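**Student:** 3D model of this:
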Amino acid sequence: MKTNELNLSTKTLARTTGFFYLLIITGGLMSGMFVRETLIDPTDAAVTLRNIVQNESLFRLGFLGDLIMVLSDVMVSVLFYFLLVNVHRGLAILAAVFRLIQSSVLGANLINLFKPILMIQGADKMSTEQLTQLGIDVMTQLQVFDYGYLISGVFFAINCFLMGVLLYKSADFPKPIGIMIFIAGLGYLFNCMASFIVPSLIDISAVVMLFTAVIAELTFCAYLLIVGVRHRKKLIA
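**Tutor:** Numbers count the residues shown, from 1 in each chain. Modelled structure (predicted):
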């Protein structure tokens, strides 16, 4: 059975990577869809402020989900390196570097997500005018967090390009997965660039990302957890 520098079988390493990959997806969905989507109204700062004040524990839980996601992303960066280093060491190092940079940007950006918690302390003693301004400030802080997230996405898109090539060349994974991850990088890059350069395309880029990046990553994660690596037929001597 083939092993690696971690002295794990390739299948065990792949499934361990899949576990942390699942934590990334779970943490991201919990914090993004089930917390921020519930509490934040992009069109109404007052409603957003009221929701956060009334559901502070839920907002903190969302922060925890993002923290778990970032920590798991660091693990996945390292595990993918060991999983793919035998395919091409240089590309594996580059892929790990770009994903670790993404994790660093995400980790640093978490302070922008937590800052509203600090800002709302004592909100019950504020005047109406103060609450109005506070709502605007909180909304601005959350927008800064969103754009920080998008900046990290550029590094992740490059990681997807590199990962796509490595997976395509690897004998351990089906070539379609490598193609899907490479295309996912295009989806992420389009979404990030549209948000910064052509905001009118944000809705279109979100749909493109859904049908490229999201499906690709879910498929890849499922493959890692269920299959691990592709079974190789033994050659008959």
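**Student:** List the buried residues of the helix or strand encompassing residue 94.
**Tutor:** Using DSSP states H and E, residue 94 maps to helix 89-119. The neighbour-count check on helix 89-119 (16 or more other C-beta atoms under 10 Å) flags 91-92, 94-103, 105-107, 109-110, 112-116 as buried. The C-beta positions use only the backbone N, C-alpha and C, and glycine is treated the same way.
**Student:** Report the distance from that helix to the chain centre.
**Tutor:** The chain centroid and the centroid of helix 89-119 are separated by 9 Å under C-alpha atoms, centre = their mean, to the nearest Å.
**Student:** How many residues are close by residue 174?
**Tutor:** 14 (other C-beta atoms under 10 Å).
**Student:** scratch that, residue 50 is what I was asking about
**Tutor:** Residue 50, neighbours per other C-beta under 10 Å, totals 16.
**Student:** The one 5 residues further on too?
**Tutor:** Using other C-beta under 10 Å as the criterion, residue 55 is surrounded by 15 other residues.
**Student:** got it, and residue 74?
**Tutor:** With neighbours defined by other C-beta under 10 Å, the count for residue 74 comes to 17.
**Student:** longest helix anywhere in the chain?
**Tutor:** Ranked by residue count under DSSP state H, the longest helix found in the chain is helix 128-169.
**Student:** orientation of it relative to helix 89-119 in degrees?
**Tutor:** 170 degrees (axes from the mean of the first three to the mean of the last three C-alpha atoms, to 10 degrees).
**Student:** pLDDT averaged over helix 128-169 - what is it?
**Tutor:** For helix 128-169, mean pLDDT rounds to 95.
**Student:** what's next to the next helix or strand after it, contact-wise?
**Tutor:** Reading on from helix 128-169 to the C-terminus, the next helix or strand found by DSSP H and E is helix 175-197. Outside of helix 175-197, the residues within contact range by C-beta atoms under 8 Å, 6 or more residues apart in numbering are 147, 150-151, 153-154, 156-161, 163-170, 201-202, 204-206, 208-209, 211-213, 215-217, 219-220, 223.
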